[in-house]
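K.L.:
Give me the fold of what follows.
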Amino acid sequence: MSNPPELRPDLANALVPDARSAGQPMIGMVSLGCPKALVDSERILTRLRAEGYAISPDYGGADAVIVNTCGFLDSAKVESLDAIGEALNENGRVIVTGCLGADPEYITGAHPNVLAVTGPHQYEQVLDAVHDAVPPSPDPFVDLLPAQGIKLTPRHFSYLKISEGCNHACKFCIIPDMRGKLASRPERAVLREAEKLVESGVRELLVISQDTSAYGTDWKGRDVKFPLLTLARDLGQLGAWVRMHYVYPYPHVRELVPLMAEGLILPYLDVPFQHAHPETLRRMARPAAAAKTLDEIRAWREVCPEIAIRSTFIVGYPGETEAEFQTLLDWLDEAQLDRVGCFQYENVAGARSNALADHVTGDVKEDRWRRFMERAQAISEAKLAAKVGQRLEVLVDEIDGDAATCRTKADAPEIDGQLFIDEGFESLALGDIVEVEVDEAGEYDLWGRLV
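P.N.:
From the prediction side, this is the model:
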């Protein structure tokens, strides 16, 4: 939520009429959390728009407000409760959904005046709650939807969610409790959505799920062992950038990398390694094969030297010793990952890690996070400096009076770096893919000029 009391500012242009027609109900949306939650928000708004509701860009114009919450960490729960409270103060008629909705008593205990609480991806229940609060008023003259539905991202890129849930049992995570076991969407449904998005002008598809590598492994009687490989090849035929997120490093990921070398999908893997010390990984209930992971990374780079690997890590996990943390730093030096994020461990209500012994103090967690990020920053700075003089394709994300803000194939929106063009960019448009020569590098960003 930004700039209260406005809602998401991009909703003002979310493919709805500029003015409210007489009697047309208006719904606002506050969308918190990860891209998977953003896709849920898009689906809810698309259904509502098809039923005759208009989308309000601010609290004052809304007949009711939906707050799509995040409940992964305690800090995210606090943010969600704050957002619900703000919506109640500014509007008063609030429907809560999303991950935090899996524990309705937690929400109603803090905010008893909400109209309804539903859990994650409970689309029908959200619609029922909206119908009860603000009955629909369909109008065939204005109830028109584009084929791709309502999108909350810029028009030139879109998240493509291919499954729900997760079969892992990581001790620090409660996603399986909130979103259930793995449930993969049929490939034909994913491809149909992707085709509509590309036909509407989307230049980049960001494939997301809780465990992308496991896509389709929940299907009984499937024809292929790993349906993700078939899906990736089919998506690669659509003519858009295809970026893979949340890919666990299973052995069959090796078969994705040749598709990157062929140019079918982007040479980019978002892999949640989380840590490198075997004992830390064991306490996390995650695969404890960091050395083999280094072998996998080397093998990926042999097949596709330009591959960009991003990951996230947790420092200060219960029981993490200074020696274990140093192993993580040493592993990072050897892995030389391109894009890295790091979180300080937090207890999460319901997570099994809460009961582990030897919790790390806040000061130690802060110190380890700082040292980790300094090491990752140095690696990033050196890798980007090596790109000076290279020619790269970039996607134009934003244009203002000073520069065009772009992304390379190695950069996902909002989490990775950017490339800026500050000369000769006036003829560019959002969504253009152009070639630039890199002439300057920073710690996380690049600057270049049009070729």
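K.L.:
secondary structure element for the closest residue to Asp358 other than its chain neighbours?
P.N.:
Take Asp358 and drop its neighbours on the chain: the residue closest to it by C-beta to C-beta, 6 or more residues apart in numbering is Gly319, 4.5 Å away. For the C-beta atoms, the positions are set from N, CA and C on the backbone; glycine is no exception. Taking DSSP states H and E as the definition, one finds Gly319 inside no helix or strand.
K.L.:
residue contacts, Gly319?
P.N.:
Contacts for Gly319 were tallied using C-beta atoms under 8 Å, 6 or more residues apart in numbering; they are 279-280, 283, 356-358, 360.
K.L.:
contact partners of stretch 351-369?
P.N.:
Under C-beta under 8 Å, 6+ apart, the answer for stretch 351-369 is 171-174, 283-285, 315-320, 325, 342-345, 347-348.
K.L.:
before we move on, the earlier item: nearest to Leu266 among the contacts of Gly319?
P.N.:
Ranked by distance to Leu266 (C-beta to C-beta), those are led by Thr280 at 30.5 Å.
K.L.:
and that closest one, that's in a strand?
P.N.:
No. Under DSSP: H, G, I helix; E, B strand; the rest coil, Thr280 sits outside any strand and is assigned helix.
K.L.:
which SSE is the residue lying closest to Thr118 once chain neighbours are set aside in?
P.N.:
Residue nearest to Thr118 in three dimensions, not counting chain neighbours: Gln125, with 4.1 Å by C-beta to C-beta, 6+ apart. Using DSSP H and E, the element containing Gln125 is helix 123-133.
K.L.:
packing partners for that helix?
P.N.:
helix 35-50, strand 64-69, strand 94-98, strand 116-117 (3 or more C-beta pairs under 8 Å, 6 or more residues apart in numbering; DSSP states H and E).
K.L.:
Give me the contacts around that helix.
P.N.:
For helix 123-133, using C-beta under 8 Å, 6+ apart, the contacting residues are 27, 40, 43-44, 47-48, 51, 53, 63-64, 66, 93, 95, 97, 115-116, 118-119.
K.L.:
care to break the protein down by domain?
P.N.:
Residue ranges for each domain of the chain read 9-133, 157-385, 391-450, as given by automatic domain parsing.
K.L.:
now the end-to-end length of the shortest one.
P.N.:
The first residue of domain 391-450 is 9 Å away from its last residue (C-alpha to C-alpha, to the nearest Å).
K.L.:
My reading is that Val394 lies in a strand. Confirm?
P.N.:
Yes. Assessed by three-state DSSP, Val394 belongs to a strand.
K.L.:
I'd guessed it sits against Leu419; true?
P.N.:
Yes. Counting by C-beta atoms under 8 Å, Leu419 is a contact partner of Val394 at 5.3 Å.
K.L.:
hey, what's in contact with both of these two?
P.N.:
By C-beta under 8 Å, 6+ apart, the residues touching both Val394 and Leu419 are 406-408, 436, 448.
K.L.:
Show me which of those residues is closest to Asp74.
P.N.:
Among the shared contacts of Val394 and Leu419, and counting by C-beta to C-beta, the member closest to Asp74 is Arg407, at 31.8 Å.
K.L.:
what about that closest one, which SS state?
P.N.:
strand.
K.L.:
which residues touch it?
P.N.:
Per C-beta under 8 Å, 6+ apart, neighbours of Arg407: 394-395, 397, 413, 416-419.
K.L.:
Glu195: which of these is nearest?
P.N.:
Using C-beta to C-beta, the contacts of Arg407 come closest to Glu195 at Leu395, 19.6 Å.
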